[in-house]
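[1] Give me the fold of what follows.
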Amino acid sequence: MAQNIFAFTAGDPEARKHLDVSITRPVDITIVRQCVPHEQLAKLEELAATDGIYAWGAVPGTMNDRYYPSLQIGDWMLCVFGGRCRFVARVVHKLDSINLARALWGQTDDGKTWQYMFFLSKPTPVDVALSSLTSFLPKQFFGFARVGNENTANILAAYGSLDEFVGKALLAPTTPVGAPIPQNHDSSSDVGDHVEKKIVSESGLPEPDKLCLIGTSKTLSWLSTAQELIRTTGAFASWWSFRIPEAAGQDLPAPFFLYINAGYGRITHRLTCETYVSSAGLEGLVSPWPDHTPSTQRGQRRAGAKQSEVFKTWLLVRAVEELEPALSIDAFSAVPPWSKSSSLLNQNAFGFAHLEHEEIEAPPIEQYEIDDAVADLFIDRHEFVKASRLLLAKKNLILQGPPGVGKTFIAKRLAYATIGVKAPDRVETVQFHQAYSYEDFIQGFRPKIDGNGFALKDGIFYRFCEKARDNPDEKFVFLIDEINRGNVGKIFGELLMLIEADKRSPEWALQLAYSSETASKFYVPNNLYIIGMMNTADRSLSTIDYALRRRFAFSAVRPGFNHDVFKSYLKKLGWSEQYAVKIVNRLNSVNSKIADDPELGEGFCIGHSYFCCARPPHLTDDDYYQEIIETEIVPLLHEYWFDKSGDELKLISDDLQ
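    Reported below is the predicted structural model:
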């Protein structure tokens, strides 16, 4: 195969932590020995004895499943973030290892890890803007990617080989090979700090203490009109349907920046604003700069009948700049009292912020469809589609089943499939318990931090509803684990009515129990969905409240031992083919007895997740299996059949041997 250039991005804070684990310093060989089978250790021991073990990895998925097999020894690897190439290394080894990846970097929210591992020569720190190499490299990369065929052809035409390109275009202008690698990118004396200062000076980004605005705009076509008016008249008058409070406006510098959120926390444009005017009330304003205003808006106070079409603020824009790569909303910090971190992205108000970390790039928008959701799930596709359809129609769904069937895991996948993109900031999770209260969930009085009395505090569901109301064009999903462990009637209170699908509007708004008479009434927005998870095998719990039950649809989740891909998944975790078959047969046998027991039934069957952890390499299949049976499954059976004799329990337990 021909040589290639690959790249991985490290623009978000978590990825920057991973850099410090395995790129800016070598991996501890003792960790490797604990996680990698003996027969795969030889090459890694060799690397450790020379320059050290340096590694990165990719999470299995549609694109990575395609790129990783094509990665070969001798390929070049670039580390990219902030629009610049930061490290260069050569691929020296590759290994698909769940255990080692988890030990080094942990795992994602949905239980995956960066198991497609590749090992590198000692990475060389560089500082090269991607914009200076647009004929040869993309302006930006997302995740783990390969430089495309067209760019590779351009490199070969200009340099003759990829090695020559890397040596002359990336390595020669910067740090010599073998130079010390910085250990902490936050240090004021290292490469990371130097690059950060350079980015600030080159791009003209404001200092962190300068107040700026963030405005959400789902359509960006108006920016072309803005650029044309700036070209022909020197400025553009931009209207917004919300105000700038007078006190906040006094803190804005002159000029100030308005950053455009194009959705999903991706800051794609920056507008340089000279000044502004803002309405004192709800009435619209006529543009004070008609020469710089689009002809259809001159002399007008609104674009339509909706409140979101009233011209309440006009900004005089002198420049429009597209940000490549786009910034993440995590690059900004909220400025109180004008904004909270949860309200920086708001379709009904400006966000008031400081730009803190201009190197934090926006992650790619990961479209999330049914096929993505059911990958590696031990549930039939039609069952998942049915649950998704119920959630969209009813807006409230409970996943019910015995422990260990993956209800929480499925709920997170169902949430992303409902939203349509993998957006963790639009999913919230809470776990009910017997002490959980209305005050925790909705609103209540809590002691002040200084000990002087009490203050009214909004609960987690109240705050999440506010977030969903502020962004009516996006879907939000609230997950409630162990929903039947709490006193649901007391926790939900008057919200039992408001969560019904046909009562999700302002006309059904209610005054909350702890709110003052002057406070706005509360309603649950139409774009918020609720998924509860319920354990059917906990006999200490009463059946779920009928008033709540009739407001939810229900979907059963069953053990996945018989699913087509379960055996292959066990083999991927390190189990042998023989033991994968053994696990399926033995657990199916015990589950049949549980399902046939009139005192128990299907709701008490043993779930598959007990066997979904990677087998430790120092344990044999038999040792690990016996450990799971003795410490997790047998105690569960004793709890189920507490009234059976020891001999009867032994007969059942023998089915597992």
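
[2] Show me how the protein divides into domains.
    Under the assignment automatic domain parsing, the domains of the chain span 5-200, 204-355, 370-556, 566-654.

[3] Residue 214 is in what secondary structure piece?
    Using DSSP states H and E, residue 214 sits in strand 211-216.

[4] where do the helices sit along the stretch 401-550 of the chain?
    Assigned by DSSP state H, counting those that start in this stretch, the stretch 401-550 of the chain shows helices spanning 407-419, 438-441, 460-470, 488-492, 495-498, 546-549.

[5] I'd like to know which of these has the weakest mean confidence.
    Comparing mean pLDDT across those, the lowest value falls on helix 546-549: a mean of 79.

[6] Report all helices and strands that that helix contacts.
    With contacts taken as 3 or more CB pairs under 8 Å, 6 or more residues apart in numbering; DSSP states H and E, helix 546-549 sits against helix 488-492. Where C-beta positions appear, they are placed from N, C-alpha and C, glycine not excepted.

[7] In the helix it packs on, which residues are buried?
    For helix 488-492, burial by neighbour count (16 or more other CB atoms under 10 Å) applies to 488, 491-492.

[8] Let me know the closest of those to residue 126.
    Proximity of the buried residues of helix 488-492 to residue 126 (CB to CB) peaks at residue 491, which lies at 54.7 Å.

[9] related to what we said a few turns ago, got the angle for the strand holding residue 214 vs helix 460-470?
    In terms of direction (axes from the mean of the first three to the mean of the last three CA atoms, to 10 degrees), strand 211-216 departs from helix 460-470 by 80 degrees.

[10] and strand 211-216, which strands flank it?
    Strand pairing for strand 211-216, using DSSP bridges, gives strand 256-261 (parallel), strand 351-355 (antiparallel).

[11] Would you reformat these as TSV and include mean neighbour count?
    Output for the strands paired with strand 211-216, formatted as TSV (neighbours: other CB atoms under 10 Å):
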stretch	mean neighbour count
strand 256-261	22
strand 351-355	22
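
[12] Out of those strands, which is closest to residue 416?
    strand 256-261 (20.3 Å).

[13] Show me what secondary structure element comes after that closest one.
    Next along from strand 256-261, by DSSP H and E: strand 266-278.

[14] So which elements touch that following strand?
    Right, strand 266-278 is packed against helix 246-251, strand 256-261, strand 313-328 by 3+ CB pairs under 8 Å, 6+ apart.

[15] related to what we said a few turns ago, what mean pLDDT does the first helix or strand past the strand holding residue 214 going along the chain get?
    As assigned by DSSP H and E, the chain's next helix or strand after strand 211-216 is helix 222-233. For helix 222-233, mean pLDDT is 94.

[16] Quick check: buried residues in helix 222-233?
    Buried-residue list, helix 222-233, by 16+ other CB under 10 Å: 223, 226-227, 229-230.

[17] pLDDT on the longest helix belonging to the chain, on average?
    Ordering each helix of the chain by length in residues (DSSP state H) puts helix 577-596 first. On average, the pLDDT along helix 577-596 is 90.

[18] how distant is that helix from the center of its chain?
    35 Å (CA atoms, centre = their mean, to the nearest Å).

[19] Buried ones in that helix, by neighbour count?
    Residues of helix 577-596 classed as buried by neighbour count (16+ other CB under 10 Å): 579-580, 582-584, 586-587, 590-591, 594.

[20] next structured bit after it?
    With DSSP H and E, the next secondary element past helix 577-596 is helix 621-628.

[21] the inter-axis angle of that following helix versus helix 577-596?
    Counting by the same axes, to 10 degrees, helix 621-628 lies at 30 degrees to helix 577-596.

[22] Please work out which residues outside helix 621-628 touch it.
    575-576, 578-579, 582-583, 610-611, 615-616, 619 (CB atoms under 8 Å, 6 or more residues apart in numbering).
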